[in-house]
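Participant: structure for the following, please:
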Amino acid sequence: MRIIALDVHRSFAQMAILENGVIRDAGKVDLERSRLRRFAQSLRPDDEVVLEPTATPAPSCACCRRSWHGW
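Facilitator: Sure, this is the predicted structure:
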């Protein structure tokens, strides 16, 4: 299982991934619909995603909702 943390800003999200006890910087993802969907489709069934919104995360979540497992 991976835990993926997203620090959500207005135009991008900074990502960090915890996997096998190791945290790594996973860079930034632009908050464009196509890029968010690509990110959501890359998630594994057992991934856990945590959002820390700096801005309102609703638009980011809404476009990924159907792709994210368990939503």
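
Participant: how long is stretch 1-21 end to end?
Facilitator: 10 Å (CA to CA, to the nearest Å).

Participant: buried set for that stretch?
Facilitator: Neighbour counts over stretch 1-21 (16 or more other CB atoms under 10 Å) mark 4-6, 8-9, 12-15 as buried. C-beta: built from backbone N, CA, C; applies to glycine.

Participant: try stretch 41-56
Facilitator: By neighbour count on 16+ other CB under 10 Å, the buried set for stretch 41-56 is 43, 47, 49.

Participant: nearest to Asp25 among the residues you listed?
Facilitator: Val49 (16.2 Å; CB to CB).

Participant: residues in a beta bridge with the closest one, which ones?
Facilitator: With DSSP bridges as the criterion, Val49 is bridged to Ile4.

Participant: hmm, Met1 and it touching each other?
Facilitator: No. Look at Val49 against Met1 with CB atoms under 8 Å: they stay out of range, at 11.4 Å.

Participant: Met1 versus the most far-flung residue of the chain relative to its centre, what's the distance?
Facilitator: Distance from the centre of the chain peaks at Gly21, with 18.9 Å (CA atoms, centre = their mean). Distance of Gly21 to Met1, given as CB to CB, to the nearest Å: 11 Å.

Participant: not counting its neighbours along the chain, what's nearest Glu48?
Facilitator: Once flanking residues are discounted, Glu48 sits nearest to Ile3: 4.8 Å by CB to CB, 6 or more residues apart in numbering.

Participant: need the contact list for the one you found.
Facilitator: 17-19, 47-50 (CB atoms under 8 Å, 6 or more residues apart in numbering).

Participant: relative to Arg33, how far out is it?
Facilitator: Counting by CB to CB - Ile3 and Arg33 are separated by 24 Å.

Participant: now the strand or helix carrying Glu52: how far from the chain's centre is it?
Facilitator: Element membership for Glu52 (DSSP states H and E) is strand 48-53. Distance of strand 48-53 from the chain centroid (CA atoms, centre = their mean, to the nearest Å) equals 7 Å.

Participant: export the buried residues of stretch 41-56 as a markdown table, with columns for distance to Asp25 and pLDDT.
Facilitator: As requested, the buried residues of stretch 41-56 are exported to a markdown table (distance: CB to CB, whole Å; pLDDT from 0 to 100):
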| residue | distance to Asp25 | pLDDT |
| --- | --- | --- |
| Leu43 | 18 | 91 |
| Asp47 | 17 | 94 |
| Val49 | 16 | 91 |
